[in-house]
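>>> Test case, fold it:
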Amino acid sequence: MANIPTPAQLAYFAAHPHDNLVPDIIACCSVCGIAAVVFILLRLWARHLIHGRVVVNMSDWLLIIAFIFFAVFDICFALTTKYGSGRHIIYITDARMLQILNIVDENTYCYAMAFIKLSILKVYGDIFPSKKFHYCLWAMAIFMGAWAITFSASAIFQCTPIEYNWDLTIPGGFCINYGANVMAAGILNIFTDLIILVMPIPLVLKLHTSTQKKLQIIFAFALGSSACIISFIRLGYGSKVGSTADGSWDNIPAGLASVAELMIGILAASIPTYRPIYRRFMNGSAMAQTQAGYNSDRQNYGNDSSMNKSTLRRVQIFSQHDNEPREKGEGIHIAHQVEMSVYDSKEEDWDKKRRRQSDEERLT
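Numbers count the residues shown, from 1 in each chain. So this is what the prediction gives:
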């Protein structure tokens, strides 16, 4: 619950009627909301590229639930501008509706953040089969659930009775130090980000793959905790929550940081799933180059009759799921997109290479 403004503060508010953060709120909510929708759609498209149809697994469902909570948070935060949010406290038009929307925002933020991290943990569980590691994942998942329930409940019951949030005339009403509650939630949120970041590193280091590939995998997992950067920024702004006498103005930066934090969290949880999209665009360029090289080899072969046919090792591969028109002529036509790797049977370590590639494919 905010403090009561002093006469000097009231005079300052009255002297600055044009101070307005409403455009900032609307712009942030609009951009982040649209971006989050795009991130989810790209994730589903990546699933379609893999399976030929949209196959949604548990990690996808968890992130979709997180997106629903984020959407409610985003919309309600934008709606607060209708009742005075983004302006000084003396310009609030409906304190009751403003506080109700703020409580909804505080709750949906907690659950959106929790489900984003649960989605990342599920991805870890799908990749690494270690039973001990799965115990750690379950422990972290339970902790995130407890974190969300605890701090969402404290947001609802920060004042007793709840109506005391917007009606200070109620006899016997009181509020907890909600600013300390926000700081505790923010610190634990950052702590869980760091734990999730380091959890898979020991298992990645044991993979039968190159050091460069291991570093790439660790970097991909680190993206899942990249929202931690925004969490630090939000924590700085959160120090004012609950202690300011001008909450409708001073709390806005923390709200904007929260919107950006959740949006980046959705992106970070989705980036590792975008590999099929990246491969689609990269393979499109590679196929054009391969076609040019193939035609060049055929021309050279026609000019040099002594060239052995076995030296021609390029093939054309077309996928049934590609929307590009198929060209008639020479080439291999298959129903699904595949990768072909050729190993020289004379190499002693060819089996190690095969196992290394298998480990890398498991991570993709």
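>>> Can you list the low-confidence ranges for this structure?
Residue ranges of the chain with pLDDT under 70: 1-2, 223-226, 242, 284-364.
>>> go with 80
Along the chain, the parts satisfying pLDDT under 80 run over 1-3, 208-209, 216-228, 238-243, 283-364.
>>> In it, which helix is the longest?
helix 95-127 (DSSP state H).
>>> and the next element down the chain from it?
helix 131-156 (DSSP states H and E).
>>> got the residue ranges for the strands in the stretch 201-350 of the chain?
Applying DSSP state E, counting those that start in this stretch to the stretch 201-350 of the chain gives strands spanning 317-318, 332-333.
>>> mind listing what residue 205 touches?
Residues in contact with residue 205, defined by C-beta atoms under 8 Å, 6 or more residues apart in numbering, are residue 214. No exception for glycine: its C-beta is placed from N, CA and C like everyone else's.
>>> quick one: it from residue 217, how far?
10 Å (C-beta to C-beta, to the nearest Å).
>>> swap in residue 88?
Residue 88 is 50 Å from residue 217, by C-beta to C-beta.
>>> Check residue 106 too.
36 Å.
>>> again with residue 282
Taken as C-beta to C-beta, the span from residue 282 to residue 217 is 18 Å.
>>> Alpha carbons only: can I get the strand or helix carrying residue 12 in PDB?
Here residue 12, judged by DSSP H and E, is contained in helix 7-15. This file holds the C-alpha atoms of helix 7-15, laid out as PDB (Å, rounded to 0.1, in the frame of the first residue of the first chain):
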ATOM      1  CA  PRO A   7       1.400  18.700   1.200                       C
ATOM      2  CA  ALA A   8       4.600  19.500  -0.600                       C
ATOM      3  CA  GLN A   9       4.200  16.500  -2.900                       C
ATOM      4  CA  LEU A  10       0.600  17.300  -3.600                       C
ATOM      5  CA  ALA A  11       1.700  20.800  -4.600                       C
ATOM      6  CA  TYR A  12       4.300  19.300  -6.900                       C
ATOM      7  CA  PHE A  13       1.700  17.000  -8.500                       C
ATOM      8  CA  ALA A  14      -0.700  19.900  -9.100                       C
ATOM      9  CA  ALA A  15       2.100  21.900 -10.700                       C
END
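>>> which element follows that helix toward the C-terminus?
Using DSSP H and E, the first helix or strand after helix 7-15 is helix 22-51.
>>> chain center to the helix or strand just after that next one: distance?
Per DSSP H and E, helix 22-51 leads on to helix 58-79 as the next helix or strand towards the C-terminus. Averaging C-alpha positions (C-alpha atoms, centre = their mean, to the nearest Å) puts helix 58-79 11 Å from its chain's average.
>>> how many other residues sit next to residue 194?
11 (other C-beta atoms under 10 Å).
>>> That one contacts residue 228, correct?
Yes: with contact defined as C-beta atoms under 8 Å, residue 194 and residue 228 form a contacting pair (6.8 Å).
>>> Report the central residue of this protein.
By C-alpha atoms, centre = their mean, the mean C-alpha position of the chain lies nearest to residue 266, the distance being 2.1 Å.
>>> Correct me if wrong: it contacts residue 33.
No: Residue 266 is beyond contact range of residue 33, at 10.7 Å (criterion: C-beta under 8 Å).
>>> gap between stretch 222-240 and the chain center?
13 Å.
>>> Kindly check the end-to-end length of that stretch for me.
Using C-alpha to C-alpha, to the nearest Å, one end of stretch 222-240 lies 30 Å from the other.
>>> now do stretch 193-205
End to end - C-alpha to C-alpha - stretch 193-205 spans 20 Å.
>>> Can you list the buried residues in it?
Neighbour-count burial for stretch 193-205 flags 193, 196, 197, 199, 200, 204 (criterion: 16 or more other C-beta atoms under 10 Å).
>>> next one: stretch 31-42
32, 33, 36, 39, 40.
>>> In a markdown table: those residues, plus distance to residue 261.
Converted to a markdown table, these look like this (distance: C-beta to C-beta, whole Å):
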| residue | distance to residue 261 |
| --- | --- |
| 32 | 9 |
| 33 | 14 |
| 36 | 12 |
| 39 | 14 |
| 40 | 17 |
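>>> from what I can see residue 93 touches residue 81, true?
No: using C-beta under 8 Å, residue 93 makes no contact with residue 81, being 10.4 Å away.
>>> which one of the two has more residues nearby?
residue 81 (22 against 10).
>>> how about the nearest residue to the more buried one once chain neighbours are set aside, what does it touch?
Excluding the flanking residues, the one nearest residue 81 by C-beta to C-beta, 6 or more residues apart in numbering is residue 22, at 4.6 Å. By C-beta under 8 Å, 6+ apart, the contact list for residue 22 reads 81, 85, 86, 87.
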